[in-house]
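Student: Any chance you could fold what I've pasted below:
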Amino acid sequence: MIKNTKMNYKNYQLIHIREEDIMLIMKWRNEQIKILRQNKKLTTADQKKYYEEIIKPSYESKKPTLILFSLLFNEKLIAYGGLTNIDWVSKRSELSFLDKTGRTKNSNLYKEDFNAFINLIKKVAFKNLRLHKIFAETYEFRLEHIKILEKNGFEYEGRLKEHVIIDGIYTDSLIHGLLEENI
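Tutor: As a prediction, this is how the structure comes out:
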């Protein structure tokens with residue numbers, strides 16, 4: 001599909017997830033489980049299996065259902081994300097992004113990281129893959145994340161009321177979309 005992708009933006013670089021990145025990503029996922037569609041902590045075995053059975057085969061597939069990347073800053077892994085739930089018929093994909101836990105606590109760093117990621121992933125989605133739309137589902141309490149999406153051209157498309165339970169409370173999910181023609 002997209003072989004040896006390396007894209008740069010300022011001091012950021014987007015590359016395919018390397019095997020060496022997967023344990024750090026697992027750590028971040030477990031630390032930030034509240035914002036993910038993940039209902040239990042991942043184990044080392046879970047993560048290795050996911051890499052071998054899902055991520056690695058996606059590199060060779062002509063039409064993978066997901067394409068995940070590591071985001072580096074000055075050559076150091078600081079985030080990961082990509083395009084998931086890719087629908088090749090409708091030419092759309094869901095956006096996925098997770099920053100290093102410590103960086104999420106610094107609003108300026110998070111904003112810079114997510115902006116850089118969106119800038120790079122738009123190129124992958126619209127120029128390389130020729131997708132028509134990227135969309136994101138975000139839990140309503142992630143106000144900063146939502147602001148960044150909207151500043152990057154994602155438009156609010158709807159609310160899924162009481163869509164998930166987080167910490168025992170029903171929580172709404174907000175859907176934002178970005179069409180190719182609007183970039």
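Student: where do the helices sit along this protein?
Tutor: Ranges of helices in the chain, per DSSP state H, are 22-31, 44-50, 56-60, 101-104, 107-122, 143-151.
Student: possible to save the ones you listed as TSV with mean pLDDT?
Tutor: TSV is the format used below for those (pLDDT from 0 to 100):
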stretch	mean pLDDT
helix 22-31	97
helix 44-50	96
helix 56-60	91
helix 101-104	95
helix 107-122	97
helix 143-151	97
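Student: So which of those is nearest residue 93?
Tutor: helix 107-122 (9.3 Å; Cβ to Cβ). Just so you know, the C-beta spots here come from the backbone N, C-alpha and C atoms, and that holds for glycine as well.
Student: What is that closest one packed up against?
Tutor: Packed against helix 107-122 by the contact rule (3 or more Cβ pairs under 8 Å, 6 or more residues apart in numbering; DSSP states H and E) you find strand 6-9, strand 12-16, strand 67-73, strand 76-87, strand 92-99, helix 101-104, helix 143-151.
Student: can you list the residues that contact the fifth one?
Tutor: The contact list for strand 92-99, computed with Cβ atoms under 8 Å, 6 or more residues apart in numbering, reads 25, 28-29, 32, 36, 68, 78-87, 109-110, 113-114, 117-118, 121, 125, 129, 131-137.
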